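*Asks:* Model the structure of this input:
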Amino acid sequence: MPTNINLLRDQAYKLLLDMVISGELRPEEPLSERKLAERLSMGRTPVREALRALVRDGVVESQVGRGTFVRRLSSDDVRAVYQVRQALEGMAAFLAAKNGPTKTLMGLGMQMKYMREHSDDYSRSQIDDIGAEFHRELFMAASNPMLLEVFEPLRLRFQIAFGLPGHNSTDQLRDTLKEHLHILEAIERGDSSGAQAAMLEHLEHGLQVRLHALEDMNAGRPDSQNHSIQKSL
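*Replies:* The predicted model follows:
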């Protein structure tokens, strides 16, 4: 496949993935190659290749006689995602505490403390973004290249679960900042077991939020579509 087609395919892949995560493409809507190409202002070939890659990665699925659809997450899917996250991110927190916090982690901690005290001054997206950055930086602080190597290919699956609605209220977002700071405090103390336990508790909370959101969505409750999306839980 020519290089320019590869680039267009990768671009189409990212755009389609963003549409899935944002909820713009819904599981009940068949994915028309022609219509998607028109929406993305692209030719059908890169869109076709991008859809094949999304099928391979478990984001969309082809149903014989029906067409191609965004894969609908089940509660078992979400639990599996969070079990893997607990294993990997729990170990990342454990090792980060053993190694000591990086300058970047300390800087993020200062920002999160300020945000928690002045949460009304920040958008949900800003609070969410710094939380997602905190989770990523933990893998750098762990100083284990293989751990990061294992995590990176799974990031896509995590993103799909993140596409479920998360917290909406300022109080709930403030609680998330508090949980992140609790993990960081254990890392600063060099308390590896405490950091790991705090991460596991944080992710268990995130799992329950996602499961409740999924239950609301599957039940067709209208307010379930109006929550902000959180990437960091």
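*Asks:* tell me the secondary structure for residue 69?
*Replies:* The local conformation at residue 69, judged by DSSP: H, G, I helix; E, B strand; the rest coil, is strand.
*Asks:* Would you check that residue 191 makes contact with residue 97?
*Replies:* Yes - under the criterion of CB atoms under 8 Å, residue 191 makes contact with residue 97 at 5.8 Å. Where C-beta positions appear, they are placed from N, C-alpha and C, glycine not excepted.
*Asks:* Residue 146: neighbour count?
*Replies:* Residue 146: 7 surrounding residues under other CB atoms under 10 Å.
*Asks:* Then residue 111?
*Replies:* Residues lying near residue 111 (other CB under 10 Å) number 17.
*Asks:* again with residue 213
*Replies:* Count around residue 213 with other CB under 10 Å applied: 22.
*Asks:* quick one on the thing from earlier: which one of residue 191 and residue 97 is surrounded by more residues?
*Replies:* residue 97 (27 against 16).
*Asks:* following the worst-scoring helix or strand of the chain on mean pLDDT, which helix or strand shows up next?
*Replies:* Of all helical and strand segments in the chain, the minimum by mean pLDDT, DSSP states H and E falls on helix 155-162, at a mean of 66. Downstream of helix 155-162, the first helix or strand assigned by DSSP states H and E is helix 170-189.
*Asks:* Any regions of this protein where pLDDT drops low?
*Replies:* Across the chain, residues meeting the criterion (pLDDT under 70) sit at 1-3, 156-157, 159-170, 217-218, 220-233.
*Asks:* Okay, strands next: where are they in it?
*Replies:* For the chain, strands defined by DSSP state E occupy the ranges 60-63, 67-70.
*Asks:* In TSV: these, plus distance to residue 215 and mean neighbour count.
*Replies:* Formatted as TSV, these follow (distance: least, CB to CB, whole Å; neighbours: other CB atoms under 10 Å):
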stretch	distance to residue 215	mean neighbour count
strand 60-63	22	15
strand 67-70	19	18
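*Asks:* Looking at these, which is nearest to residue 30?
*Replies:* Comparison of the strands of the chain against residue 30 by CB to CB identifies strand 67-70 as nearest, at 4.1 Å.
*Asks:* Now do that closest one: which elements does it pack against?
*Replies:* strand 60-63 (3 or more CB pairs under 8 Å, 6 or more residues apart in numbering; DSSP states H and E).
*Asks:* any idea how the chain splits into domains?
*Replies:* 3-70, 75-225 (automatic domain parsing).
*Asks:* starting at the chain centroid, how far to the longest one?
*Replies:* Per CA atoms, centre = their mean, to the nearest Å, the displacement of domain 75-225 from the mean C-alpha position of its chain is 9 Å.
*Asks:* In JSON lines: the strands of the chain, plus distance to residue 195.
*Replies:* Conversion of these to JSON lines gives the following (distance: least, CB to CB, whole Å):
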{"stretch": "strand 60-63", "distance to residue 195": "37"}
{"stretch": "strand 67-70", "distance to residue 195": "36"}
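*Asks:* All set now, cheers.
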